[in-house]
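A.B. asks: predicted model follows, preceded by the sequence.
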Amino acid sequence: TMKAETKLALVASGELMFLYLQRKVRWQVAVLGAVLYLYAPYRMSNIYVRGSVAEAMAFIFPPLLLWGAESLSNIRSILWVSLVIGLMGISHNISALLLSAFYFGYLGFLSLLQKSLWPVIKGGLAFALGILMAAFFLVPALYEKKWTFLDLTIAKDYPNYFVNLWQLVDPRWSFGVEPLNLGWVILGLFLTALIWGRRLVFFILTVVVSIFFMLPPSKIFWDHLPLLPFVQFPWRFTMLTVPALVVGGVLGTEKFLKNWVIVFLIVLTLILASVTWSRSQVEFAPVFPGDAIPGSTTWAHEQATRWLVPKPDKIPKDKIENANYNILSWKTGEHDYKIIANGKTPVVENTMYYPGWKVFVDGKETSVDYQNKDYPGRLVYFVTSGGHEIKSIFMETPLRKTVDIISLVTFVGVVLSLLFSYVVPQISSKH
């Protein structure tokens, strides 16, 4: 599934970049732009080193955001762009944060060019609708992070990941080497394009600002701007430099690019990507020393809840403690089992507590003592002696239910409005 999603992200992002560029340049140049976008070193390392599927998916959206911002002419276009924003919001929340700044920056640039606030107003409306559609994902992600160690761990690690300018042209990318190279061909094309002028102002500013936020002098902003530490790694701003360099580069050099030059640059890009890939096939130990919780997806304890202290150093031997048990069904969000308890000690289900977990004993909900001093951060409950049927289930909190409804209503409203915008003109034309 992960490989299929990654392949889909690659194909879709390349095709969308081609379609966006083809509206502005001849198709041969658009092909070059799509190839450069696909084989940017940062994207290769995302796939082959970091294995970040969600971030790979997020690269679908830069060409869509540029295209959408330029196409905001009527209600229909606003609705289509809102769907793009909604999908972006549920793809990769960190990338969505960066790309939102990219989107509004481009809207502001278009407003200056047109000497009108309408691009910002229309784009802002599309963004608001998109965020409402993605609220079921974004609101819990932002609000509920206070229940985890995220802000106390990797969200404070950004000072360790600033880069220097040399790393932006260092061709290496492999495990243990941060994926920072902007791409020699991409960078060369963009530097050549700088002679173009006003048309590239937005892309130049995007590259300069993004690189600045990767460097140590930007630390004062990382220390004080809300949500910026949530990005975790300064080099993640490469998410913005890649599309800006590619689009700016091909737009600014189109009139100089003969067909044979295009073929040469495509071949050169593929060769450089292949050579670097072949040199980066390094085997590494499957287990790394650090703060990872064995058997979990958390690396630095960041996704563990703040009640799980002290942190376990191994996977518990039994799913249930202090009772004899028989597992009937054990799914990700629902556990069914029978127990025989002595009634003197609390029963402990070794599932990390998170708001939304509820325990039912013989069909009746019972309280969960997740702050139990002997078994902190787990599903701890009391029963009378004897046999009982237990069901623990992860349910929506009131907040999650509310934003679920908001997202669903907004999505249905947008889709129906789109259908209405297509159907009504056809009916009117028949009369």
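C.D. replies: Cool, got the structure.

A.B. asks: going forward, measure contacts between C-alpha atoms and count neighbours the same way
C.D. replies: Will do.

A.B. asks: would you map the helices across the stretch 301-431 of the chain?
C.D. replies: Along the stretch 301-431 of the chain, the stretches classed as helices by DSSP state H, counting those that start in this stretch are 398-430.

A.B. asks: how near is residue 105 to residue 171?
C.D. replies: For residue 105, the distance to residue 171 equals 30 Å [Cα to Cα, to the nearest Å].

A.B. asks: same question, residue 185
C.D. replies: 11 Å.

A.B. asks: residue 12: neighbouring residues, count only.
C.D. replies: Summarising burial for residue 12: neighbours were counted as other Cα atoms under 10 Å, giving 17.

A.B. asks: do residue 310 as well
C.D. replies: Here the number of neighbours of residue 310 (other Cα under 10 Å) works out to 10.

A.B. asks: once you drop chain neighbours, what's closest to it?
C.D. replies: Once flanking residues are discounted, residue 310 sits nearest to residue 376: 7.8 Å by Cα to Cα, 6 or more residues apart in numbering.

A.B. asks: for the one you found, list the residues it contacts.
C.D. replies: Under the criterion of Cα atoms under 8 Å, 6 or more residues apart in numbering, the neighbours of residue 376 are 307, 308, 309, 310, 370.

A.B. asks: middle-most residue in this protein, spatially?
C.D. replies: Taking Cα atoms, centre = their mean as the criterion, residue 92 is the residue nearest the geometric centre of the chain, at 1.4 Å.

A.B. asks: can you give me the buried ones in stretch 323-336?
C.D. replies: The neighbour-count criterion (16 or more other Cα atoms under 10 Å) identifies 323, 325, 335, 336 as the buried residues of stretch 323-336.

A.B. asks: return the subset of the residues you listed lying in strands.
C.D. replies: 325, 335, 336 (DSSP state E).

A.B. asks: mind checking how far the strand or helix carrying residue 43 is from the chain centre?
C.D. replies: Secondary-structure element containing residue 43, defined by DSSP states H and E: helix 41-45. Centroid separation for helix 41-45 versus its chain: 16 Å, with Cα atoms, centre = their mean, to the nearest Å.

A.B. asks: likewise for stretch 56-69?
C.D. replies: 13 Å.

A.B. asks: same question for that stretch, mean pLDDT?
C.D. replies: Predicted confidence along stretch 56-69 averages 95 (mean pLDDT).

A.B. asks: and for stretch 236-247?
C.D. replies: This predicted structure assigns stretch 236-247 an average pLDDT of 94.

A.B. asks: which residue ranges of the stretch 151-300 of the chain form strands?
C.D. replies: The residue ranges that make up strands in the stretch 151-300 of the chain, judged by DSSP state E, counting those that start in this stretch, are empty, as it has none.

A.B. asks: hmm, residue 390 and residue 339 touching each other?
C.D. replies: Yes - in this structure, residue 339 is within contact of residue 390 by Cα atoms under 8 Å, at 7.4 Å.

A.B. asks: re earlier: show the buried residues in the contacts of residue 376.
C.D. replies: Burial of the contacts of residue 376 was assessed by neighbour count (16+ other Cα under 10 Å); the buried members are 307, 308, 370.

A.B. asks: isn't the last one up against residue 379?
C.D. replies: If I follow you right, that is residue 370. Yes - Residue 370 is in contact with residue 379 according to Cα under 8 Å; the separation is 5.7 Å.
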